[in-house]
Every structure is written in C-alpha cells, then in structure tokens.
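# dropping a prediction and its sequence here:
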Amino acid sequence: MAEAKKYPAPVGNPETAPFWEAARQGRFMIKRCTACGEPHYFPRSICPFCFSDKTVWEESSGEATIYTFSLMRKSPSGPYAIAYVTLKEGPSLQTNIVDCDMDKLKIGQKVKVVFKPTDGAPLPFFTPA
Amino acid sequence: MTIKGKAYIAGIYEHPTRHAPDKSTAQLHAEVARGAIEDAGLSKADIDGYFCAGDAPGGLMPMVDYLGLDMKKLRHIDSTDTGGCSYLIHLGHAAEAIAAGKCQVALVTLAGKPRTGAMPPRAAGAEADFETAYGQTTHNAYGMCAMRHMHDYGTTSEQLAWIKVAASHHAQYNPHAMLKEVVTVEDVLNSPMISDPLHRMDCCVVTDGGGAMIVTTPEIAKSLKKPLVRLIGHGEATKGPRGGKDLDLTYSAGIFSGPRAFEEAGVTPKDMKYASIYDSFTITVLMQLEDLGFCKKGEGGKFVADGNLISGTGKLPFNTDGGGLCSNHPVNRGGMTKILEAVRQLRGEAHPKVQVKNCDLAVAHGTGGLLGVRHAASTCILERV
C-alpha cells in the first residue's frame, strides 16, 4: 500500500471557519441564499448571484456526478485525477476523484464526498459512489 | 465614444532569444523596449505612457525606474494583469488613454525567464482553500476543458492535432522558433499523454524572452516610416465558476470579448484575412475560434481539420510565426506575440512563405489565467491603413 498522499491544511478565515468546523465532524457544507434561493460553492457571506447577505449554511448530500476530469499522468506525488463534479444540490466544484481506478472514470459517473486528513481540518474529495 | 482608429501600433519587437540564462528579467524588458522604440523610429524620451503586467519584476514602479522612463514626461501608467492576455488588454487600454488625451506614445513590455527557472507563484485568491490541494495545473485545467468539449461535441484528438500541425508548418520558416520541425497528426497522437486528453504536442513551448510594442496617435504614426497599422476594435471580458452555477467549460470569455471587438470595428470574423489566436494548448485555439464566431460552437474540430489553419492552403491562416505551440511563449504569456505577428502580417513583414496576400484586416485574440477555471479574454481587431 502506497503511503497516503499529504495534503496541505486549509488556512481558513472568519468567513469560511464554519465550513472547516463542520468538515472536522465529517459534514460537507454548502451555502444557500435565502433571498434568491440559489445554492453556491465555495462559501461566501454575500450571495454571488443576487448579492444579498442572507446566506445560510446547509449540509450537502455529498452526492454528485462527474462534469469533467483530467488524469495528470506524472507529478511528484504520482498520477492523480482532477475533476469538476456537480452536486445533487446544484453547484459544481473542483476536486480530485480518489480511491478509484482512474482509467475507468467517466463523465456523468456518480461520486460521493469523502474527507481526507491534513495537519489541520480535513479536505473534501470525491470517490465513485 | 469609440477607440476605433484612434491608436496605431507604430513599433514592435520580439526578442530572438528562447533561452536566456545569462540575462536578467529586467534586462530583457529593457531590451524589448529598446527594440520596439527603435522599430518605431522614436526615442525613449518620447514615452509618456507605460504598461506592464505581472511579469515585470517588482511590478510597474521598479520597472519604470529601471528603464529610466522620464518622470516629468510619463503621465499614464497601467499594470493590469490578466495573465497571458494582459498585453491585448493593454493595447485596448492604451488606445483608450490615447483617445482621451492621457498619453501620446505608450510603451508596453513583456519579458521573463520560465525556461531558466521556476516562476514565482501567483498570489492566492479567496478560492485557495477550496482548490489548491487538488493539484490544479495549466495542463489539467485545459485538459478538463478538452475532455468536456469531446464529450459534448464529439471533438477528437486528431482534430486537435491539426492545430499543432498547422503551427509547425509555419514555424519551419521562423529562424527563431524553438521547434522548427514539421509534425504530423500521428506525431501528435503518439507523443506522451500529459493530462488526458492532451498529449505533449498539444502543449505550447516554455521559453525565456519577451516582446514590446509602441502604441501612438494617428498623427505621430503617420509622421514615422513604418506601414500604418491601427486598432479598430477591442473587447475584454472575464469568466469563472462563479459559485458553481451552470458550469460550462466548453466556452471561454472570448464569447463576450469577441463580439464587443467585432462590433466596435464594424467587421465580422468572415472579413479577417489572418488570425493570431492564443495557443497555450491546441484546445485553447479550437475553443477561441468557436467563441469568436469563426464557426459554430461545437464545430471547431471540423473547422481546424485538414490543414484549414495553414497559410496559403487553409481558409484561415493562423499564428504564422509558429505561435506558442512551436515558436515562442515568453513568460508563459502569449498575448504579446499574438499582436506582434498580426502586425507583421498587416505590414507585409511576415516570412514570404507564410505572408497572407493583401492582408489588411486581422484579429489578435487571447485568454489569460486558466481556461478551465478563472480567466480573462481580450480581442483586438487590427487594420492596415
């Protein structure tokens, strides 16, 4: 078994602290605007669509489909799959598809969130569902 | 208000080097500045506007000081940084400043040495904690665009390869090109996979070097000896994931900057005799051609295939210097060289083997940042007078 890849710890800031606190409890959060109803990711205080400050935290199902991906064949830490996935709730986000057979990845494939440890808060990744 | 015809590109210079371990980055900026000033037939004392981007060591203020620009004369400065397309935006902004009477002779410089050593990292944005851990690079960010474009429109690696093939046909005539060998579609497909679906030959070169231009008023340009080339339309735009709503990586901000430029110029893509299209990767060219309206969205693959971009035989001669794919991509920023080759074409100064006959209208277009993530785009329509 290869040694687990080391990921950088999130730096965090007052605006995103609740996201990382939830991540420590294994919960994957998105933001939703209660003024226009739109969810977004990564989290902002002010809605990027209607610019209202009435945004609230919401736990995501963590269920998503692969929008696109690319296999980086060589890197100092070995090959990896970078991807955009689209959450069941709507927003798309950048991530890695981990713990998978990279050669079998497909656009449209179902994936789910999985957290990986860092020296700080854990980071969200996605893996085939 | 319009900038149409209010600014002329009177001087251009592309540094012949592609590897400069024996020079400093500031020195390269000075060398390209001198080259462009000499090409215009002006002197440094004439410069009253200066434009540079993130490649200038320390930013604009140290660069102005190093170059020794006249502080009593210099009255317009702009350090807009949008990555590789900064210089296309600078050209538009210089025209705005000239039209508004804020300066008369603007110098724009680009230079750096990524082939000699690693470039300093960019400052992180608000997205850093939510993206940097995933190993986003230029290659895989563009790879993700290509992957989705293939999925949505059936674009193939063979079609992408034709873009590199066309660039290599042009590069064989450029004595300064880093890669002068003509390659085939098979060569591209057989080159190692870097980040699916992009092969090594789908990627541009990494070069040291730089370029510069002089933008000036119609009156000053007409008093000089060079053929007259003017800007008649300019557009700029940005695009990003914006909270993750309706993500679509198959188009770029060129879909906004292109129409703005063509409308201002009062011309259409069909009128273009030559196109300089930013070619950080083959997919960059294909998407830009669609976004600018040279063909419908999704039909870029068909448009570029079978040598359609090769000067003399294809319908749309592009990047006749060999472009970033084969000749030069100084500082990982291709916007300046896109303008320079378009000006050579309009002046009739391109290599005879690739010179477009009666080239009186050209587009220079580029993107900066990462096409698959956050980027800017700028489109410039240039005319020989």
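That came through, no problem. Residues are numbered from 1 along each chain as shown, chains lettered A, B, ... in the order given.
# quick check: the residue of chain B most remote from its centre vs chain A, distance?
Centroid-distance maximum for chain B: residue B:72 at 31.8 Å, with C-alpha atoms, centre = their mean. According to C-beta to the nearest C-beta, to the nearest Å, residue B:72 and chain A sit 44 Å apart. All C-beta spots, glycine's among them, are computed from the backbone N, C-alpha and C.
# what sits against that residue?
Applying C-beta atoms under 8 Å, 6 or more residues apart in numbering or on different chains to residue B:72 gives no contacts.
# contacting residues around the residue nearest the centre of chain B?
Geometric centre of chain B, nearest residue: residue B:335, 2.1 Å, by C-alpha atoms, centre = their mean. By C-beta under 8 Å, 6+ apart, the contact list for residue B:335 reads B:84-89, B:110, B:278, B:366, B:368, B:378.
# ok, now with 6 Å
Residue B:335 sits next to B:84-85, B:87-88, B:366 when contact means C-beta atoms under 6 Å, 6 or more residues apart in numbering or on different chains.
# I figured residue B:170 hits residue B:353, correct?
No. Residue B:170 lies out of contact with residue B:353 (C-beta atoms under 6 Å); the separation is 8.4 Å.
# the more surrounded of these two?
Per other C-beta atoms under 10 Å in any protein chain shown, whichever of residue B:170 and residue B:353 has more neighbours is residue B:170, with 29 against 13.
# please report phi then psi for the more buried one.
Dihedral pair for residue B:170: phi -80, psi -40, per degrees, to the nearest 10.
# now residue A:123
phi -110, psi 140.
# thought it was touching residue A:8?
No. With contact defined as C-beta under 6 Å, residue A:123 does not reach residue A:8; the gap is 8.3 Å.
# quickly list what's touching both of these two.
By C-beta under 6 Å, 6+ apart, residue A:123 and residue A:8 have these common neighbours: residue B:133.
# ok, the two, which is more surrounded?
Legend: neighbour count by other C-beta under 10 Å for residue A:123 and residue A:8, higher for residue A:123 (22 against 13).
# gap between the more buried one and residue B:93?
Per C-beta to C-beta, to the nearest Å, residue A:123 is found 39 Å from residue B:93.
# what ranges do the helices span in chain A?
Residue ranges of the helices in chain A, as given by DSSP state H, are A:17-24.
# what do you get for chain B?
Secondary structure of chain B by DSSP H: the helices cover B:25-40, B:60-67, B:86-99, B:138-153, B:157-171, B:185-190, B:218-223, B:254-265, B:282-292, B:300-304, B:335-347.
# still on that earlier bit, for the residue farthest from the centre of chain B, grab phi and psi.
Per-residue torsions, residue B:72: phi -80, psi -20 (degrees, to the nearest 10).
# now it: how far from residue B:45?
10 Å.
# ok, residue A:60 next?
As for residue A:60, its distance to residue B:45 is 62 Å (criterion: C-beta to C-beta).
# more neighbours: which of those two?
Ranked by neighbour count (other C-beta under 10 Å), residue A:60 and residue B:45 place residue A:60 first, with 21 against 11.
# count of residues packed around residue 43?
In the absence of a named chain, this looks at chain A. With other C-beta under 10 Å as criterion, residue A:43 counts 19.
# actually it's chain B I care about, not the one you picked
When neighbours are defined as other C-beta under 10 Å, residue B:43 has 10 of them.
# ditto for the one 4 residues further on
By other C-beta under 10 Å, the residues close to residue B:47 number 22.
# wait, what's in contact with it?
Counting by C-beta under 6 Å, 6+ apart, residue B:47 has contacts B:69, B:105, B:107.
# equivalent analysis for residue A:122, please.
Applying C-beta under 6 Å, 6+ apart to residue A:122 gives the contacts A:23, A:115.
# for it, what are phi and psi?
Note on residue A:122: backbone dihedrals following degrees, to the nearest 10 are phi -70, psi 160.
# ok, residue B:269 touching residue B:293?
Yes. Counting by C-beta under 6 Å, residue B:269 touches residue B:293, with 4.6 Å between them.
# tell me the pLDDT of the residue nearest to residue B:197 when sequence neighbours are not counted.
Using C-beta to C-beta, 6 or more residues apart in numbering or on different chains and skipping residues adjacent in sequence, the residue nearest residue B:197 is residue B:146, 5.2 Å away. Residue B:146 carries a pLDDT value of 98.
# repeat that for residue B:119.
Confidence score, pLDDT, at residue B:119: 81.
# show me the contacts for it.
Taking C-beta under 6 Å, 6+ apart, we find residue B:119 in contact with no residue.
# ok, it to residue B:329 distance?
From residue B:119 to residue B:329 the distance is 12 Å (C-beta to C-beta).
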